[in-house]
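1. sequence unknown, structure follows:
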């Protein structure tokens, strides 16, 4: 037999509407309690200007940012294994701190907290390591009655004395 006659001879009958609906429903994906037929969920349309204002408020203007009343976070770029402890630089992203302790068994982290408490003239209990225990990029939390500007000023003074 010829190819075209074979195709016309073996035609598959079309599905009924009920069969098509049943097949689609059985392959549907259930998302958040709703049936989805392979389509992406619609996004909520919000005003874009409100989002940009919220992002500007959330991003810190420098290495010191306010968390709550009386609580601040300081972004630190630690440099362990230095000859002596020093604040090397204060940039818009982080405060560079050279630490004389080696980066083993948390010695550098403990020395960093001791040094910062001395530089910022705070008690050791008012400073804690929030994030970055095994990284050079750290977040140090300060819980004291001091202003954000005063913290930044003390760090900048120490950086200018070291260089």
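-> Cool, got the structure. Because the structure is predicted, anything quoted here is derived from the model rather than measured.

2. elements contacting the lengthiest helix in the chain?
-> Taking DSSP state H as the criterion, the chain has its longest helix at helix 148-162. On a contact count with 3 or more CB pairs under 8 Å, 6 or more residues apart in numbering; DSSP states H and E, helix 148-162 meets strand 64-68, strand 71-80, strand 86-90, helix 107-119. The C-beta positions use only the backbone N, C-alpha and C, and glycine is treated the same way.

3. which strands or helices does the last one pack on?
-> In this structure, helix 107-119 packs against strand 71-80, strand 95-99, strand 127-131, strand 137-143, helix 148-162, with contacts taken as 3+ CB pairs under 8 Å, 6+ apart.

4. would you mark the buried spots in it?
-> Buried residues in helix 107-119, counted by 16 or more other CB atoms under 10 Å: 108-109, 111-113, 115-117, 119.

5. list of residues touching that helix?
-> Here helix 107-119 makes contact (CB atoms under 8 Å, 6 or more residues apart in numbering) with 74, 76, 78, 80-81, 85, 87, 97, 99-102, 122-124, 126-129, 133, 138, 140, 154-155, 158.

6. can you check stretch 135-155 too?
-> 62-67, 70-80, 87, 90, 94-95, 109, 112-113, 116, 119-123, 126-132.

7. that concludes my questions; thank you for your assistance.
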